[in-house]
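[1] Below are the sequence and a predicted model; questions follow.
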Amino acid sequence: MRIHMLAAGVLLVLGAASAGCDEKLEDLTGPTPNLQPTLSSIQREIFDTTDSAGRQACTNCHTDAGRTPVAGMNLRSGMAYNSLVGAASSAKPGAIRVIPGDPENSYLIHKLEGRADITGTRMPRGNSFLTEGQLLVIKRWIQLGAPNN
């Protein structure tokens with residue numbers, strides 16, 4: 001009986017700790033509280049959706065629906081993975097958009113952060129850039145190997 005109560009107590013503490021982690025991630029990602037470090041979540045919350053802060057959906061420009069995608073990068077669902085992971089940038093020779101396991105050298109991160117080495121402008125265009133929390137989640141997905149999940 002004592003072992004069962006101890007096990008129940010441990011499970012309760014672990015459940016509370018994991019709920020606390022979720023709340024922190026939720027707080028961190030600001031206008032996209034459901035954002036997780038998976039491609040499906042990034043697709044839904046960043047690529048396909050205009051968020052509550054006014055940042056426009058990436059697929060407003062990066063789509064093949066009735067047009068050629070800007071910079072040849074199609075971020076529509078089912079197309080984004082092949083346009084990003086291991087794909088060469090069309091704007092900057094030698095740059096790879098997403099290098100699995102290496103967010104710091106992934107050109108996507110350089111463009112999203114507006115680093116000095118980018119060609120063209122910081123993405124997304126305009127003044128509504130991704131928050132630090134949103135960027136951290138995308139970096140985490142890349143760090144986890146950029147799986148097609």
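    Sure, I can see it. Numbering: from 1, shown residues only.
[2] what's the model's confidence in the helix or strand containing Leu108, averaged?
    In this structure, Leu108 sits in helix 107-113 according to DSSP states H and E. For helix 107-113, mean pLDDT is 98.
[3] Over to stretch 69-83?
    95.
[4] Contacts for it next, please.
    Residues outside stretch 69-83 that contact it (CB atoms under 8 Å, 6 or more residues apart in numbering): 39, 43, 47-48, 58-59, 61-65, 84, 87, 89-91, 97, 120, 148. Using the backbone N, CA and C atoms, a C-beta is placed for each residue, glycine as well.
[5] So among the residues you listed, which ones count as buried?
    Listed as buried from the contacts of stretch 69-83 are 39, 43, 47-48, 58-59, 61-63, 84, 87, 89, 97; burial here means 16 or more other CB atoms under 10 Å.
[6] Report the two of these separated the most.
    Maximum pairwise distance among those (CB to CB): 21.8 Å, between Asp48 and Ser89.
[7] Which helix or strand lies directly C-terminal to the helix-or-strand element of the chain with minimal mean pLDDT?
    Least confident helix or strand of the chain, by mean pLDDT, DSSP states H and E, is helix 2-28 with a mean of 45. Sequence order places helix 39-42 as the next helix or strand after helix 2-28, per DSSP H and E.
[8] what is the mean pLDDT for that following helix?
    98.
[9] Give me the contacts around it.
    Asn34, Leu35, Ala80, Tyr81, Val137, Ile138, Trp141, Ala146, Pro147, Asn148, Asn149.
[10] Out of these, grab the one that's most surrounded.
    Most neighbours among these, by other CB atoms under 10 Å: Leu35, with 26 neighbours.
[11] Test my guess that that one contacts Gln43.
    No: using CB atoms under 8 Å, Leu35 makes no contact with Gln43, being 10.6 Å away.
[12] any idea what Arg140 is structurally, helix, strand or coil?
    helix (DSSP: H, G, I helix; E, B strand; the rest coil).
[13] Could I get the contacting residues of it?
    Pro37, Pro103.
[14] how close does it get to Gly133?
    11 Å (CB to CB, to the nearest Å).
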